[in-house]
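> next one to model:
(chains A and B)
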Amino acid sequence: MTARLLRLSVVGVLLAACATTPTPAPTTVAELLPESAPTVEVPAFATRLAQVQAALQAPIPVLLLEGLSQPQQVAQSLAVTDPRVVQYFGDPNTGLAMRNEVFNVHPFRASDVTEATVACQQAECYRVEVYNYAYNLTTVAVVDVTSRVVLAVNYFSDTQPDVNQTHTGLALAIVKATLAEPGLAASLGIAPDAANALMASTKTALNDTRCERSRHLCVAPTFVSGDRALWAIVDLTEGRLVGVRWTELGRTSGQPITEQSLQNEVVMRDFCDQTNTLARDGWALRYGLTSSDGLRLAQVRFNDRPVLASAKLVDWHVNYSQSDGFGYSDAVGCPVFSAAAVVALKGPEVSDLPGGFALTQEFRSEIWPLPCNYSYQQRYEFYTDGRFRVVVVSLGRGCGTDGTYRPVIRIQPAAEAVTCAEWDGATWQPWAEEGWQLQTAETAFTPEGYQYRYTDAAGSGYFIEPGRGQFGDGGRGDNAYVYVTRYHADKDEGESDLITIGPCCNTDYQQGPEKFIEPGPERIEAAPIVIWYVAQLKNDGEPGREYCWADTVLENGVYVPRVWPCAAGPMFVPVR
Amino acid sequence: MAKKKPAPGAKAPAPRTSPVWFVLLGLLIVAGAAILLWLNGGLPGATPAPPGKLGGVTACRQLPGFVAAQGFDPNTAALSTSDDRRMGLVLIQPDGAGGQNVYQHPTWDDAGWLGGLTLDENGNVYVVPAPRISLLDNAPVKQTQLYRVDSATGELAVLLDLPAAAPPSQTNPYGLMGVTYDCETRSLYVSSIAGSTRAAEVGRLFRVELGAQPRVAAQFDGVDAIGLGVFNGRKDKRLYFGSARTSEVLSLALDARGNFTGPARVDFSLAEHDPRGDDKARRLTFSDAAGLRVDAVKFNYNLVASSEHRQNQYQYAYDSNTDGWVLLDVRTELQSGG
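Predicted coordinates for the structure are as follows:
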């Protein structure tokens, strides 16, 4: 990378000179725009997208820079027809056009002359910067317009050129439109009148930032108000506001405010450092993100009756069958200071379900869906009739098509004395001792699809209905190991955050929970119990049969993930 | 991950991705920002060492004796702790047919997955543990153990258990991070972030004196550091370290014995040049020609860092006029994780 591409933040200079507008009091320091926020119409960006679409259909699929001098136009034309530049205009496999745009055409500086561009000492040269949104790649061509030749072409991966005035205007328009949308300023912790004052401020700078997770082009318009500045991270690839962060002028940690830092800060503050409560449709529960056991529920009640003491996702064991002993034990959890390998980028979200609602949390590797990276989801479903389901989902992609995912779920019923039983095809057979069972093709289910039941002395309790592909979420059956262990208040058998419970690659019942059973199973009749549920999900990358899989596809000139999720998890149905 | 111990000299399949060659003379680590100073081998305010020959201080390092003893070519063999499928230390060498010859002593996976390593003038290897993706093979309580691999026998054993300011916790699975050797003072430097939390930076830098009774000769508290390296500048000799919390590279002046004379100095930050925005210097490699290569990764005190092989490489040149560093180049490497 040349020093030319190293952008300098100007915020320090600009903000140091700010004056004394009254500071709107933020309710929080940092906020992300909620996933559920309505799409904000930004006319300027819509116009831009139309230009992008037109460029994608053009013989030379690149959005050209306008308002150039004649020599600059020559430089631009030569650059975008040079094969070394053109090679990044289309997807190498499909030939589909990728979104490319000329950002800048600058006079070439004498100080930048290299052996390849020595002709520029005698000629009029320009530096043409082309940004590829699909690859997040900058191509720099040095063009000698005197001789009409492209002297050099260099590529800079994961690098964006300096944005131009058009981008600056778009970024400001996106921020203003978003904050003007009813309710959105408040959701970002900004009072509407304060938002108006900010937008009217003339003390605005456009700062450098990165969207290192999405690998999108992002900038940070910064609005000064009194002794504070509001950083608004804007995604110019998608045309949306990512989130905002307040900073105090004159104080800087030296670390840039980026998509990732903003996401981490909000997730840690709101979901890792505190427990949240949720009450809806007769359900009440507490929830929070853990270091390595995913989204943990606690004190789950329905119509004021205790249902679950807790529920969480301990590990994902991923085994690749074609390589003996090869795989990973992935823990999911908080994004920083945690024992998680696949982390939360955002907090959990509540969504509507027919007859209920869901609380959903996603975890991702930083560069998913590239090979050997993973995305997982937890979803807790609650229904108004008292049913609930603990769901886990793999969104691929992993290291190959021979993978089997084995998520280890721990569910602790609230009842202090229950008896667990298994349906044998005719009657319910109680389990006297701790043990495990595998769901197979020969497993007997009740007509309703139940395999297990636990009830207290009064007959209250839940049926357990394993996944067999009946839940309408694409799941093809859980093939699950179910373990029942005795809960001990005075002995931690997984109640607190568990480090890795088992190895990646055992293909039998030894997934970890058996360590609380063996060597001497305890009696569990009329006892507090813990249910461990380990589904087995074989992935598939074969076109047309994809499962637990992810890929990227080109949409509007930019790569976006396409996923074929595999969901697993049991439904709990009240015993009437 | 299940253990896999190929027989000595066994051929391994070609790796899935480009192998990360850990050149023998060059592994290290560190990170930090100094707050407290405690010297146990030197005196507070001790005089910095007079400047030596400009450049790095690693010229004495020798290949381990076991390299040749196992039939490996010292010119092409390398020690690696980054093999995705073999836990611990491995000795590898291209076999000329697209594969590798691999040797792993039976003790080399005893410490679980490993991180940085360095060598001394006798070919002994010093290596630190580093959890990778899970904690199954790297119990948090063992992450402060410094290991030595004997040059002659190849046996890996605990050299010292370096004291942590606080016990390990679920929120920080790491202990020792970086290790480097100064041939001039025969000092082994090790960084630790054991016990640090989001609110408290309680990591440490250690100077270990080797010999019959290895001991901690000096300790510098209050810094979380990853990559380490020693460099003779125009004014003094300094231990450079990459912060685990920020993108800064800092340094501490060393006295003639190699002890810390503090306070820490911020030398430069990767942040403004970082294409991704959050790089941490995980390895510092000084050249005799007064160059510095910084290998940087994202690091957030979780296991993501160890599951993704994505790093940027920064090249710096020493400016003796300013006793500072000038950025020459930044390269991005993007590889699949695991």
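
> Provide the strand pairings for the one helix or strand residue B:294 maps to, with the direction of each partner.
According to DSSP states H and E, residue B:294 maps onto strand B:291-298. In the sheet, strand B:291-298 lines up against strand B:279-286 (antiparallel), strand B:310-319 (antiparallel) (DSSP bridges).

> ok, and what's touching that strand?
Residues from elsewhere that reach strand B:291-298 (C-beta atoms under 8 Å, 6 or more residues apart in numbering or on different chains): A:366, B:227, B:229, B:231, B:240, B:242, B:247, B:249, B:270, B:274, B:276, B:278-287, B:304-305, B:308, B:310-318, B:325. For glycine as for every other residue, the C-beta is placed from the backbone atoms N, C-alpha and C.

> how about 6 Å then?
Contacts with strand B:291-298, where a contact means C-beta atoms under 6 Å, 6 or more residues apart in numbering or on different chains, come from B:270, B:278-279, B:281-286, B:305, B:311-317.

> would you mind writing the CA trace of stretch A:153-162 as CSV?
The C-alpha trace of stretch A:153-162 is given here as CSV (Å, rounded to 0.1, in the frame of the first residue of the first chain):
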residue,chain,number,x,y,z
VAL,A,153,-1.8,-0.8,-11.9
ASN,A,154,-1.8,-1.7,-8.3
TYR,A,155,-4.4,-3.5,-6.1
PHE,A,156,-5.1,-2.9,-2.5
SER,A,157,-7.4,-5.5,-0.8
ASP,A,158,-9.7,-4.5,2.0
THR,A,159,-8.9,-0.9,1.2
GLN,A,160,-11.1,2.0,0.2
PRO,A,161,-10.0,5.1,-1.6
ASP,A,162,-10.7,8.5,-0.2
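
> just the buried positions in it, please.
Across stretch A:153-162, burial judged by 16 or more other C-beta atoms under 10 Å in any protein chain shown covers A:153, A:155, A:156, A:157, A:158, A:159, A:160, A:161, A:162.

> before we move on, what SS does the second one have?
Applying DSSP: H, G, I helix; E, B strand; the rest coil to residue A:155 yields a three-state assignment of strand.

> need the contact list for it.
Contact partners of residue A:155, counting by C-beta under 6 Å, 6+ apart, are residue A:139.

> what's opposite it in the beta bridge?
In this entry, residue A:155 is beta-bridged to residue A:139, by DSSP bridges.

> touching, residue A:247 and residue A:229? I think so.
Yes - Residue A:247 lies in contact with residue A:229 (C-beta atoms under 6 Å); the separation is 5.2 Å.

> the more surrounded of the two?
A count of neighbours by other C-beta atoms under 10 Å in any protein chain shown puts residue A:229 above the other of residue A:247 and residue A:229, at 26 against 18.

> just the element for the more buried one, please.
Assigned by DSSP H and E, residue A:229 falls in strand A:228-235.

> quick one: strands adjacent to that strand?
Here strand A:228-235 is paired, per DSSP bridges, with strand A:218-225 (antiparallel), strand A:240-248 (antiparallel).

> any of the contacts of strand B:291-298 buried? List them.
By 16+ other C-beta under 10 Å, those give B:270, B:278-279, B:281-286, B:305, B:311-312, B:314, B:316 as buried.

> show me how far stretch A:348-361 is from its chain's centre.
Relative to the centre of its chain, stretch A:348-361 is centred 17 Å away, using C-alpha atoms, centre = their mean, to the nearest Å.

> what residues of that stretch count as buried?
By neighbour count with 16+ other C-beta under 10 Å, stretch A:348-361 contains the buried residues A:348, A:356, A:357, A:358, A:359, A:360, A:361.

> same thing with stretch A:258-274?
Using 16+ other C-beta under 10 Å as the test for burial, stretch A:258-274 gives A:258-268, A:270-272.

> among these, name the ones in strands.
The strands, defined by DSSP state E, take in nothing from the buried residues of stretch A:258-274.

> quick one on the thing from earlier: the buried residues of stretch A:348-361: which two are farthest apart?
Distance extremes for the buried residues of stretch A:348-361: the farthest pair is A:356 and A:361 at 17.1 Å, using C-beta to C-beta.

> just the pLDDT for residue B:38.
pLDDT recorded at residue B:38 is 32.

> same check on the one 3 residues further on?
At residue B:41, the predicted lDDT confidence score is 34.

> ok, the one 10 residues further on next?
Note for residue B:51: predicted pLDDT of 70.

> can you give me the mean pLDDT across stretch A:246-262?
Averaged across stretch A:246-262, pLDDT comes to 78.

> pLDDT score for residue B:6?
Note for residue B:6: predicted pLDDT of 32.

> next: residue B:28.
30.

> try residue A:23
pLDDT, read off for residue A:23, is 46.

> next: the one 5 residues further on.
You'll see residue A:28 listed with a pLDDT of 62.

> ok, and the closest non-adjacent residue to residue B:141?
Nearest non-adjacent residue to residue B:141, counting by C-beta to C-beta, 6 or more residues apart in numbering or on different chains: residue B:168, 6.0 Å away.

> which element is residue B:147 on?
Short version: residue B:147 belongs to strand B:145-149, going by DSSP H and E.

> what mean pLDDT would you report for that strand?
98.

> and for stretch B:78-89?
Averaged over stretch B:78-89, pLDDT sits at 90.

> centre of the chain to it, how far?
15 Å.

> now the end-to-end length of it.
10 Å (C-alpha to C-alpha, to the nearest Å).

> again with stretch B:270-284
End-to-end for stretch B:270-284, by C-alpha to C-alpha: 13 Å.

> can you check stretch A:368-377 too?
13 Å.

> ok, residues contacting it?
Stretch A:368-377 has contacts (C-beta under 6 Å, 6+ apart) with A:316, A:332, A:342, A:362-365, A:367, A:393-395, A:397, A:399, A:550, A:561, B:336-338.

> could you redo the last one with a cut-off of 8 Å?
A:294, A:313, A:316, A:318, A:330, A:332, A:342, A:360-367, A:391-399, A:407, A:550-552, A:561, A:563, A:565, B:308, B:336-338.

> can you map out the helices along the chain?
Chain wasn't specified; assuming chain A. In chain A, the segments counted as helices under DSSP state H are A:11-16, A:43-57, A:70-80, A:83-86, A:165-180, A:184-187, A:192-200, A:259-267.

> hm, I was asking about chain B
B:65-69.

> so where's it uncertain?
Within chain B, the segments meeting pLDDT under 70 span B:1-46, B:48-50, B:275-277, B:305-309, B:333-338.
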